[in-house]
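1. sequence first, then the predicted structure, then my questions.
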Amino acid sequence: MGTFLEEITLENTADRALADHGYIKDTEIRTLTIEAMPDTGAWTLVINDEICEELGLEVVGKEPGVLADGTETEYDMAGPIDVIWKDHRVLLDALVMPNAKEVLLGAIPLEAMDLVISPRRELVVAVGNQTKHRL
């Protein structure tokens, strides 16, 4: 199986709440549409520090992480962030890996949005018709 990318939209959840209550306009909600690699080896959404800053996410804590080469370290967790793939959505915090070259769409957001990876066809498939889910 090769690697492949899926288009997702990331949205600052706090901005969405402010817009819903009339404090900012919908056009002021910080969003970013990007290509992400579905990766069941990652446990959550992994973004880099540039994306975190562009979306204006707050650091909410630290979590341990292990790189493919076995290196262990702690990374910032930032959020809240809505991850949107087509008509599926999940609210979560993202692991911020400085200088990460790829955004990883990990096992938890895939599962929460009822999505599975089809390695043979190299695509993500929705197994449910759920349109909104918040953890």
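-> All right, it came through fine.
2. alpha carbons only for contacts and neighbour counts from here, please
-> OK.
3. what's the helix or strand where residue 62 lies packed up against?
-> If you go by DSSP states H and E, residue 62 is part of strand 58-66. Contact partners of strand 58-66 among helices and strands, from 3 or more Cα pairs under 8 Å, 6 or more residues apart in numbering; DSSP states H and E: strand 72-85.
4. name the surrounding residues that touch the strand it packs on.
-> 7-14, 52, 57-66, 89-97, 109 (Cα atoms under 8 Å, 6 or more residues apart in numbering).
5. equivalent analysis for stretch 48-61, please.
-> Counting by Cα under 8 Å, 6+ apart, 11-12, 30-32, 76-81, 96-103 sit against stretch 48-61.
6. now with 7 Å, please.
-> Stretch 48-61 has contacts (Cα atoms under 7 Å, 6 or more residues apart in numbering) with 12, 30-31, 76-80, 96-100.
7. returning to that earlier point: what residues of the strand holding residue 62 count as buried?
-> Judged by neighbour count using 16 or more other Cα atoms under 10 Å, the buried positions of strand 58-66 are 58, 59, 65.
8. phi, psi for the residue of the chain positioned farthest from its centre please.
-> Most distant from the centre of the chain: residue 22, at 25.7 Å, with distances by Cα atoms, centre = their mean. Dihedral angles of residue 22 (phi, psi; degrees, to the nearest 10) stand at phi 80, psi 10.
9. could you measure from it over to residue 101?
-> In this view, residue 22 and residue 101 are 36 Å apart by Cα to Cα, to the nearest Å.
10. tell me the bridge partners for residue 9.
-> Counting by DSSP bridges, residue 9 is bridged to residue 33, residue 84.
11. check the burial of it by counting its neighbours.
-> A total of 16 residues lie near residue 9 under the criterion other Cα atoms under 10 Å.
12. break down this structure into its helices, ranges please.
-> Counting by DSSP state H, the chain has helices at residues 13-20, 49-55, 107-112.
13. how about those, which one is nearest residue 38?
-> Closest to residue 38 of the helices of the chain, according to Cα to Cα: helix 107-112, at 7.9 Å.
14. for that closest one, output the C-alpha coordinates as PDB.
-> Below are the C-alpha coordinates for helix 107-112, written out as PDB (Å, rounded to 0.1, in the frame of the first residue of the first chain):
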ATOM      1  CA  ALA A 107      -7.200   6.500  14.400                       C
ATOM      2  CA  ILE A 108      -9.400   8.400  16.800                       C
ATOM      3  CA  PRO A 109     -10.700  11.000  14.300                       C
ATOM      4  CA  LEU A 110     -11.200   8.300  11.700                       C
ATOM      5  CA  GLU A 111     -13.200   6.200  14.100                       C
ATOM      6  CA  ALA A 112     -15.200   9.100  15.500                       C
END
